[in-house]
Structures are given as structure tokens and as C-alpha cells.
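1. Can you look at this prediction? I've put the sequence above it.
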Amino acid sequence: MSTTQSERLRELLEPLVTSQGLDLEEIVVDSVGRKRVLRVVVDSDTGADLDQIADVSRALSAKLDEDDAMGAGEYTLEVGTPGAERLLKEHRHYVRAVDRLVKFQLTDGGELVARILTVDDEGLDLEVPGVKGRKATARRIAFSDIDKARVQVEFNRKDKNEEEA
């Protein structure tokens with residue numbers, strides 16, 4: 001049975017990432033001119049700090065040096081986190097995005113920007129922000145109604161503690 005390079009790399013690297021208390025979110029091999037770049041994206045429920053990223057990067061680098069999964073030739077290993085505007089694909093991604101503003105592309109072609117309040121096995125409870133002074137409204141959405149979801153960056157959001165003061 002033939003597997004792709006990304007699948008082989010995932011099988012090789014996922015146990016190392018998991019042993020560091022992180023989830024392996026994505027593996028991408030890109031060609032940049034004559035060089036190749038192996039991008040590994042990791043995360044956890046509490047996020048990943050720079051020390052964890054450095055530790056997992058060293059472990060992955062050592063494993064790749066002893067295995068020929070990348071084949072002959074030079075490549076650069078980049079290990080990082082999903083970033084501020086992450087795409088939500090897995091159930092755990094939605095759980096990690098609770099209290100974050102998310103832009104949803106719906107399966108019916110519609111679009112919705114709302115804050116995730118709670119997540120369960122069937123879907124999400126959302127708070128849709130009010131427009132022009134109107135109050136926010138509650139909405140329930142099933143996972144089956146979501147085509148794509150991406151976390152939005154908020155620059156001027158008030159902290160809950162500030163709102164209660």
C-alpha cells in the first residue's frame with residue numbers, strides 16, 4: 001500500500017509531538033526554488049510556548065536526521081503554531097476557540113461572524129454581535145451547517161473584567 005510523504009511523515013513525527021504534550025495539526029512540504037521546507041504545525045488546549053516549540057523542534061530534527069523520510073537533499077524544518085487567524089477543522093479547534101470571534105462560511109452559501117460560547121458534539125452556541133447599538137443575539141449552529149470557519153483577530157476587544165467594572 002502506497003502512502004504519501006505527508007502521511008509517512010505524520011506517522012513518524014506524531015508520536016514525538018504527542019510525547020511533548022502537543023497535537024500535530026499539520027505537516028506541509030513545500031519546494032522553494034531548489035530547497036524544500038518542512039512546516040510542522042503543533043498546538044494544545046493551552047497553547048504552545050516558545051520552550052515547547054524549541055523542544056519539539058529539536059526532537060523532530062533528531063528523528064528526521066536518523067530516518068530518510070525527507071529523502072536525500074537539503075530541507076529546512078520550521079515548527080510553529082497555527083497563528084492568530086487559524087482555520088478551524090477539528091472539534092478540538094472549536095473547543096480551543098471558545099470566547100473567540102469566528103467568521104463562518106455556511107453550507108447554504110451564507111456568512112456569519114459570531115463569538116463561540118460553547119461547543120458540544122453536535123454544534124456550537126454562538127453570540128452574534130449587535131449592529132449599530134443593538135444587543136447581541138444568541139444562535140445555535142450545527143457542525144453540518146459549517147463549510148469553513150476561521151478565527152478573527154480582535155484589536156479593541158474589552159476584557160471581561162473591564163466590562164464588569
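-> Good, I have the coordinates. Numbers count the residues shown, from 1 in each chain.
2. Return the backbone torsion pair for the residue nearest the centre of the chain.
-> When the chain is reduced to its mean C-alpha position, the nearest residue by C-alpha atoms, centre = their mean turns out to be Pro82, at 4.5 Å. Dihedral pair for Pro82: phi -60, psi -20, per degrees, to the nearest 10.
3. Tell me how far it lies from Leu88.
-> Distance check for Pro82 against Leu88: by C-beta to C-beta, to the nearest Å, it reads 9 Å. To be clear about C-beta, it is placed using only N, CA and C from the backbone, and glycine gets the same treatment.
4. Report how many residues lie close to Leu50.
-> Leu50 is flanked by 8 other residues according to other C-beta atoms under 10 Å.
5. Kindly list the main-chain dihedrals of it?
-> The phi/psi pair for Leu50 (degrees, to the nearest 10) reads phi -60, psi -40.
6. Give me the pLDDT for Gly47.
-> Gly47 is assigned a pLDDT of 81 by the prediction.
7. same thing with Glu162?
-> 46.
8. for Met1, same thing?
-> On the pLDDT scale, Met1 is placed at 35.
9. try Glu85
-> 80.
10. That one in helix, strand or coil?
-> Secondary structure for Glu85, judged by DSSP: H, G, I helix; E, B strand; the rest coil, is coil.
11. shouldn't it be in contact with Ala149?
-> No. Judged on C-beta atoms under 8 Å, Glu85 makes no contact with Ala149 at a distance of 11.0 Å.
12. Looking at those two now, which is surrounded by more residues?
-> Ala149 (23 against 11).
13. Was I right to think that one contacts Val102?
-> Yes. In this structure, Ala149 is within contact of Val102 by C-beta under 8 Å, at 5.3 Å.
14. Quickly list what's touching both of those two.
-> Residues touching both Ala149 and Val102 (C-beta atoms under 8 Å, 6 or more residues apart in numbering) are Leu88.
15. Correct me if wrong: the residue nearest to the centre of the chain contacts Asp43.
-> Yes. At 5.6 Å, Pro82 counts as touching Asp43 under the criterion of C-beta under 8 Å.
16. could you point out where the protein is predicted with low confidence?
-> Scanning the chain for pLDDT under 70 picks out 1-3, 157-165.
17. any idea where the strands of it begin and end?
-> Assigned by DSSP state E, the strands in the chain fall at 23-32, 35-43, 75-80, 101-106, 111-119, 123-128, 137-142, 146-151.
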